[in-house]
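>>> Got a predicted structure plus its sequence, pasted below:
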Amino acid sequence: MKIKVIQGDITTIKVDAIVNAANSSLLGGSGVDGAIHRKGGRAILEACQKIRASQGKCGVGQAVITTAGNLPADYVIHTVGPVWNDGGVEKERLLKNCYKNSMELAIKNQLRTIAFPCISTGIYKFPKGLAAQIAIEVVSEFENHKAIDEVVFVCFNLFDFELYTHCLQKESR
């Protein structure tokens, strides 16, 4: 499995699935969540509404999959990251679950390529360095799993790109 970091807009990436840093309502919001819903179109919202009707809201750390609508990806995996507030081990565990459950959902759906944004580091205020470390560590645990060919961390800004690149280089040593 190849892991790489790029700077860009996750809504423009052609992979089997992009991951959405969703909120528990699954109905869109701000940041990457809003961008994915806007650019993906009505099909994503309708798919999320069906999920809500059958299971209710999506819990923190959990993941669900929908169509990608008008996006170049085939699917969107929606995961709800934790709000940092006072932080702690429980918040770290929940963020780990976001990555773990997204990867497992990709494997279950026989997806070969997946792209992640920086989950919980925007308005949820998870410390960026810790979030990057958790993301790289959890995804790296799947490295020997033959089902996934490539994982891309898509960082919207240069600061995050450099941070994730540094964490990936550290993990590779």
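On my side now, so go ahead. As the structure is a prediction and not an experimental result, all values here were calculated from the model.

>>> Make sure I have this right: residue 123 is in a strand.
No. Counting by DSSP: H, G, I helix; E, B strand; the rest coil, residue 123 falls outside a strand, being coil.

>>> What count of nearby residues applies to it?
Other residues near residue 123 come to 12 when the count uses other C-beta atoms under 10 Å. To be clear about C-beta, it is placed using only N, CA and C from the backbone, and glycine gets the same treatment.

>>> which ones are touching it?
Counting by C-beta atoms under 8 Å, 6 or more residues apart in numbering, residue 123 makes contact with 30, 31.

>>> tell me which element the residue nearest to residue 96 when sequence neighbours are not counted falls in.
Nearest residue to residue 96, sequence neighbours excluded (C-beta to C-beta, 6 or more residues apart in numbering): residue 138, at 5.2 Å. According to DSSP states H and E, residue 138 maps onto helix 128-140.

>>> List the buried residues for that helix?
The neighbour-count check on helix 128-140 (16 or more other C-beta atoms under 10 Å) flags 128, 130, 131, 132, 133, 134, 135, 136, 138, 139 as buried.

>>> any chance of those residues in JSON lines, plus pLDDT?
Listed next are those as JSON lines, based on pLDDT from 0 to 100:
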{"residue": "128", "pLDDT": "96"}
{"residue": "130", "pLDDT": "97"}
{"residue": "131", "pLDDT": "97"}
{"residue": "132", "pLDDT": "97"}
{"residue": "133", "pLDDT": "96"}
{"residue": "134", "pLDDT": "97"}
{"residue": "135", "pLDDT": "97"}
{"residue": "136", "pLDDT": "96"}
{"residue": "138", "pLDDT": "97"}
{"residue": "139", "pLDDT": "96"}
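
>>> Closest one of these to residue 110?
Proximity of these to residue 110 (C-beta to C-beta) peaks at residue 139, which lies at 18.0 Å.

>>> where in this protein is pLDDT low?
173 (pLDDT under 70).

>>> As a check, name the ranges of all helices in it.
31-40, 42-55, 89-108, 128-140, 158-172 (DSSP state H).
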